[in-house]
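Below is the sequence, then the predicted model.
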Amino acid sequence: MNSEPRFTPVEGELRLIGGLNERLFQLLAAIERIGSINRAAREVGLSYKGAWEMVERANNLSPRILVSTAIGGRHGGGTRLTAAGKLLLRLFHGLQEEHRLFLERINRQLADNPDLMLLFRRLIMQASARNQLFGKVSAVRIGATYAEVDVSLKGGTVLCSAVTKESVDALGIAVGVDAVALIKAPQVILVKDFSGYRLSARNQLPGTVARIQKGAVNTEVVLQLAGGDSIAAIITNDSLEALALKEGDTATAVFKAGAVILGVAA
């Protein structure tokens, strides 16, 4: 049996107008079962004061009292749901079931669209690297210790990553696999004119300067690559002046294959 949790891109809490949310109805259900607002509050992770504030607000909003209690100090004094409270709780549970079925139906429909599912998976990924470029593995060249992995981006641009042979096996890297290439912006060198020189860096991606964000010491320069992908470089302000870069200029993002961290979908 497959115990892997199903990926659900669309999630949502059911919340009624006026701030009547699932936490309130969890509290009401606990009060109904236990008969003490103090113990019910502890069960749902609320303070006694916080629980009473929530109940008082609900009572004030409702045309009829939802929760009643005898005066009994901090231990609740026989707190119970009124008939109106029980009716509202049953209504909410019914709405919860409809809400659950609605989300299941939407997620089943999305699961039939592989492009959307891939987009959602990419959106939830978090990493500190400024550059996150998504593509497909187009070549894997295994060496004695390391492997070179080519990733084709939108528009046909190809970048190369150097990873260990163990990483290739552990990540299941193979031609056709969706992958993300992570490159830190300070590791990207910008070249405006090679002046007849050839560079040893494996990755040399030409593009157009789309944005320049100058800071006190450093500047972020964003190049737009063929196909619409962007890559950012962090250079010094002195380098910006030396290169005389401006928006619309052509430039090349240069970085070593070892600077590219590869990730694949779990």
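Structure's in. What do you need? Residues are numbered from 1 along each chain as shown.

looking at it, Trp52 is touching Ile37, isn't it?
Yes. Trp52 lies in contact with Ile37 (Cβ atoms under 8 Å); the separation is 6.7 Å. Where you see a C-beta, it was placed from the backbone N, CA and C, and this is true even at glycine.

more neighbours, those two?
The neighbour comparison of Trp52 against Ile37 (other Cβ atoms under 10 Å) goes to Ile37, with 27 against 18.

if I look at the more buried one, how far off is Arg64?
Using Cβ to Cβ, to the nearest Å, Ile37 is found at 18 Å from Arg64.

Please apply the same query to Ala58.
Distance from Ala58 to Arg64, by Cβ to Cβ: 11 Å.

Pick out whichever of the two has more residues nearby.
It is Ala58, of Ala58 and Arg64, that has more neighbours when counted by other Cβ under 10 Å, with 21 against 11.

Which elements pack onto the helix or strand containing that one?
Assigned by DSSP states H and E, Ala58 belongs to helix 48-61. Counting contacts by 3 or more Cβ pairs under 8 Å, 6 or more residues apart in numbering; DSSP states H and E, helix 48-61 is packed against helix 22-34, helix 37-44, strand 67-68.

Using JSON lines, lay out the ones you listed together with mean pLDDT.
Listed next are those as JSON lines, based on pLDDT from 0 to 100:
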{"stretch": "helix 22-34", "mean pLDDT": "92"}
{"stretch": "helix 37-44", "mean pLDDT": "92"}
{"stretch": "strand 67-68", "mean pLDDT": "88"}
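
May I see the ones you listed organised as TSV, with distance to Gln204 added?
Converted to TSV, those look like this (distance: least, Cβ to Cβ, whole Å):
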stretch	distance to Gln204
helix 22-34	53
helix 37-44	58
strand 67-68	69
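
domains in this structure, as residue ranges please.
Following automatic domain parsing, one gets these domains for the chain: 22-111, 131-264.

To Leu14, which of those lies closest?
domain 22-111 (4.5 Å; Cβ to Cβ).

circling back to that earlier point, any idea which of the domains of the chain has the lowest pLDDT on average?
Here the lowest mean pLDDT among the domains of the chain goes to domain 22-111, at a mean of 83.

next one: that one to chain centre, how far?
Distance, stretch centre to chain centre, for domain 22-111: 31 Å (Cα atoms, centre = their mean, to the nearest Å).

next one: stretch 255-266
Taking mean C-alpha positions (Cα atoms, centre = their mean), stretch 255-266 and its chain are 19 Å apart.

Same question for stretch 233-241.
31 Å.

same thing with stretch 177-185?
Using Cα atoms, centre = their mean, the distance from the centre of stretch 177-185 to the centre of the chain it belongs to is 15 Å.

which outside residues touch that stretch?
Residues outside stretch 177-185 that contact it (Cβ atoms under 8 Å, 6 or more residues apart in numbering): 118, 122, 125, 127-137, 149, 151, 159, 161, 173, 220, 231-234, 255, 259-265.

how does it look with 7 Å?
Residues from elsewhere that reach stretch 177-185 (Cβ atoms under 7 Å, 6 or more residues apart in numbering): 118, 125, 127, 129-137, 151, 159, 161, 220, 232-234, 255, 259-265.

Confirm for me that Val260 is in contact with Ser167.
No. Using Cβ atoms under 7 Å, Val260 is not in contact with Ser167, being 11.8 Å away.

Which one's more surrounded, the two?
Val260 (24 against 16).
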